[in-house]
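*Asks:* sequence and predicted structure below; questions after.
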Amino acid sequence: MEGWTKLAVMALSQLGVIPFGPVQRSSPAPLVDGVVTLVITGVLAMLAVIGAVGFLCAALWAGLEPTMGPVWTPALVGLALVVLCLILLLVMRMTLNRREPPPPAVNPALDLDPEVLLAEAQRLVVKHKVPALLAAVVAGLVVGNAGTRPVRK
């Protein structure tokens with residue numbers, strides 16, 4: 001039955017269902033720690049930027065009030081904030097409209113010919129007739145009875 005497993009793995013890797021080669025798994029703890037650190041530092045950076053913009057507006061207000069007067073100073077500070085928002089909106093749109101790089105090219109070693117897969121399947125069916133017929137019967141029963149089970153309450 002080793003040949004059947006090999007054939008199934010070759011077919012599934014060709015279809016892209018399973019990755020080819022050894023799968024490298026890392027423990028989830030560093031990933032979770034990295035995400036938590038990223039969220040915390042992002043929130044702190046956002047609060048710092050909000051404070052910096054507030055102080056910048058206060059400094060602009062204090063610097064412009066003697067020359068512009070009490071009426072035009074708030075309008076100019078508001079205009080500066082609108083310009084800042086428009087710049088940030090433009091940066092956001094440019095970031096969201098970035099195109100993703102094309103997917104990596106398929107490894108030519110994995111490019112299996114369907115005729116090779118069929119020849120291998122035929123060879124395995126001839127070599128293992130009884131297990132192949134039994135597997136076909138079980139697969140037919142599973143597929144045929146998938147939607148006919150009564151719902152239990």
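*Replies:* Now that the structure is in, tell me what you want to look at.
*Asks:* where does the chain have low pLDDT?
*Replies:* For the chain, residues meeting the criterion pLDDT under 70 lie at 1-2, 4, 8-9, 11-33, 104-111, 146-153.
*Asks:* quick check: longest helix in it by residues?
*Replies:* Counting by DSSP state H, the longest helix found in the chain is helix 28-96.
*Asks:* which other helices and strands contact the helix or strand just after it?
*Replies:* Following helix 28-96 in sequence order, the next helix or strand is helix 114-127 (DSSP states H and E). Where contact means 3 or more C-beta pairs under 8 Å, 6 or more residues apart in numbering; DSSP states H and E, helix 114-127 is packed against helix 2-15. Using the backbone N, CA and C atoms, a C-beta is placed for each residue, glycine as well.
*Asks:* look up the closest residue to Ala80, ignoring the ones flanking it.
*Replies:* In space, and not counting its chain neighbours, Ala80 is closest to Leu60: 6.3 Å by C-beta to C-beta, 6 or more residues apart in numbering.
*Asks:* if I read this right, that neighbour contacts Leu79, doesn't it?
*Replies:* No: the pair Leu60 / Leu79 is not scored as a contact, 10.4 Å apart, by C-beta atoms under 8 Å.
*Asks:* okay then, goodbye and thanks.
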